[in-house]
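Participant: Build me a model from this:
(chains A and B)
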Amino acid sequence: MHKFIATLLLGLLGCAQALAQGQGLDIEIVGGTPSALPIAIVPFANESNALPPDTDMAAVISADLNRTGQFRSLPRQDIIESPSTGGDIRFDTWRMLKQDFLVVGRLVDGEAGTYRIEFELHDVARRQRLLGLALSARSGDLRSASHQIADLVYEKITGVPGAFWTRIAYITDNRVAGDNRRYNLMIADSDGFNPQSLRASPHPFMSPAWSPDGRRIAYVNFERGNSSIYVQEIATGAQQVVASFRGINGAPAFSPDGSKLAMALSMSGNLEIYVMDLASRRTTQITNQSSIDTEPQWSPDGQSIYFTSDRGGKPQIYQVSASGGSPSRLTFNGEYNSRVSVSYDGKRFAVAQGARNVYRIGVLDRTRGGAGEMDLISPGRVDESPSFAPNASMILYAAREGGRGVLYSVSTDGRVRQRLVLASGDAREPAWSPRRLR
Amino acid sequence: MNTTTRLLLVALLATSVVACAKKTKPEMMDDGMAGRDTPVETTPVPDDGMYGPDDLDSDSCLRQRVVYFDYDQADVRGEAGAILACHAKYLKDRPSAMMTLGGHADERGSREYNLGLGERRGNAVSSALMAQGGSGSQINVVSYGEEQGTCSDTSEDCWAKNRRVEISYTAR
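Facilitator: As a prediction, this is how the structure comes out:
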């Protein structure tokens, strides 16, 4: 069935902007799970005539898979053989090491100074090749190539497309010269590497939100004196103010088709949900209640909007038709639920849940229908801003440790957490990008 | 409010401020907090009982520019009555004066909800000022939510300082 090696040329476009190279974020697995699938990722052999690669591709792939909690990659010191193609594999060795899956690969010379990366995924028990593919990459793009390989391996084994070759947006806050602050709107790879600033400001940024094509980011900034909503093109840096009405202009969220922006505005004197048509800039008021209504998020089909409201006393998540109407309450478990993130299938909802002084990330699972059950998947104490990966395998959120903001990714079942630590300053409000188009 | 009442209120406030100042660590205070650290002096009120622009710098009540709130609440506490009364009188006495009310929240809970909460606090202070003679045209409410805390510790002390509305005059 499988071609000997199916060539898959993945257009690894170099970023238009120079990447601010930096080992910005560290990795720390703080939990684990015994039921994870054992997989060995053998270090890829360099058989090219180019300089030795700057990226340990097997290490990047291992870290990606481990982060989901669904895999447990074999530690490097236990990898006692180094096959680089299927013909070199001695399956008995890997069976003895109790591995279910094995990934081998090598780098050879590609066209025009690129690397050609050939890799194979094998089922150890069946002694069967599940995947055999090649892709090409320039030397600066080997991390991207590794994430794409991890995506393909993840999809082949779980049946769900991976979400490693994606990006995250977040806000940083750094103290400069005395009491002055420097805020940055950042994007980075999904594992926190290759951070780059999209925009810096002496005024706070809030609420970054990706367009569904991953090309634009909407956000809030205060440089006009009051909160205003901006939309910025990632590749060019071009930005526009789309909402700067009297009062609050906050919580932007692109509709699934990218044509509209849901937002929270208080121009009526009270904070309400609105939908703006981006072409005409016309706004439609969706809610009308003397409560705080904010943090709109679209259902995947674009028919509903979920939002935070304290109309019942404390903040809870409600659902309303995207054309307006009477909202219904979604969350009943917990005294404070806010900032919902909706999974791609529209059946799981991550929230920041508060109880007294402890705020944790909760996941409301309605995949089995009904009102669903809420699991708390982070330890607190002031965790916030959950954001689902596009395949819902993981959730990013913000926490505070030692007086500064840090970002975590956590498997959706809460079993594996990884901290992405910035070299300096606060990080907050992570937003996971949609899938990238190959 | 007559002069005697005002002086009494100021004296009362001075007592509580001194008591309070003993508990808090000395730190850099902005204009609005200056009254908390230094002994409060009662300033002579001009004969006509009307505030003038210089009073913003010299009047011990007008120099207080911060109103604090309880957790997840936007009700103005009784203790803020004196501060709001003198600022309302200033707005009434000086129709050309303009102020911005900056609403703030502590770090707990979601940022956008806290943006709403900061505005609700700003609106509550605005209503109190208007009820005592200030005009809505003199007051601009801006919410910063939890984005501009005065401190960043995860503690009740710090949270209490951040749940506030800051009064700043944009025209005297």
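Participant: Tell me which residues touch the spatially most central residue of chain A, please.
Facilitator: Chain A has residue A:432 as the residue nearest its centroid, 2.9 Å off, counting by Cα atoms, centre = their mean. By Cβ atoms under 8 Å, 6 or more residues apart in numbering or on different chains, residue A:432 lies in contact with A:163, A:166, A:168, A:190, A:210, A:387, A:388, A:389, A:390, A:396. Bear in mind the C-beta positions are built from the backbone N, C-alpha and C, glycine included.
Participant: hang on, isn't the second one packed against residue A:431?
Facilitator: No - Residue A:166 lies out of contact with residue A:431 (Cβ atoms under 8 Å); the separation is 10.9 Å.
Participant: Reformat the contacts of residue A:432 into CSV and put distance to chain B next to each item.
Facilitator: Output for the contacts of residue A:432, formatted as CSV (distance: Cβ to the nearest Cβ, whole Å):
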residue, distance to chain B
A:163, 24
A:166, 23
A:168, 17
A:190, 22
A:210, 17
A:387, 12
A:388, 16
A:389, 20
A:390, 22
A:396, 15
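Participant: how close does the most centrally placed residue in chain B get to chain A?
Facilitator: Nearest to the geometric centre of chain B sits residue B:66, at 2.9 Å (Cα atoms, centre = their mean). Residue B:66 sits 17 Å away from chain A, taking Cβ to the nearest Cβ, to the nearest Å as the criterion.
Participant: List the beta-bridge partners for that residue.
Facilitator: In this structure, residue B:66 bridges to residue B:166 when assessed by DSSP bridges.
Participant: Next: residue A:228.
Facilitator: On the basis of DSSP bridges, residue A:228 is bridged to residue A:221.
Participant: number of nearby residues for residue A:233?
Facilitator: 14 (other Cβ atoms under 10 Å in any protein chain shown).
Participant: Pretty sure it sits against residue A:239.
Facilitator: Yes - counting by Cβ under 8 Å, residue A:233 does reach residue A:239; the two are 7.3 Å apart.
Participant: Nearest residue to residue A:373 in space, please, no chain neighbours.
Facilitator: The shortest distance from residue A:373 to any non-neighbouring residue, by Cβ to Cβ, 6 or more residues apart in numbering or on different chains, is to residue A:365 (5.6 Å).
Participant: list the contacts for the one you found?
Facilitator: A:347, A:348, A:372, A:373, A:374, A:375.
Participant: Any chance of a ChimeraX selection covering the buried ones in the residues you listed?
Facilitator: To isolate the buried members of the contacts of residue A:365 in ChimeraX, using 16 or more other Cβ atoms under 10 Å in any protein chain shown:
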select /A:347,348,372,374
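Participant: how about the contacts of residue A:365 in CSV, adding secondary structure?
Facilitator: As requested, the contacts of residue A:365 are exported to CSV (DSSP: H, G, I helix; E, B strand; the rest coil):
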residue, secondary structure
A:347, coil
A:348, strand
A:372, coil
A:373, strand
A:374, strand
A:375, strand
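Participant: got the contacts of residue A:365 as TSV, with pLDDT columns?
Facilitator: Formatted as TSV, these follow (pLDDT from 0 to 100):
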residue	pLDDT
A:347	95
A:348	97
A:372	88
A:373	90
A:374	93
A:375	94
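Participant: what are the ranges of the helices in the chain?
Facilitator: If you meant another chain, say so; for now it's chain A. Remark: helices assigned in chain A by DSSP state H are A:57-67, A:91-96, A:142-158.
Participant: Chain B is the one I meant
Facilitator: Under the criterion DSSP H, helices of chain B are mapped to B:3-23, B:34-37, B:55-58, B:81-93, B:111-131, B:156-162.
Participant: So in terms of bridging, what pairs with residue A:205?
Facilitator: Bridge pairing for residue A:205 - DSSP bridges - gives residue A:221.
Participant: Appreciated, that's everything.
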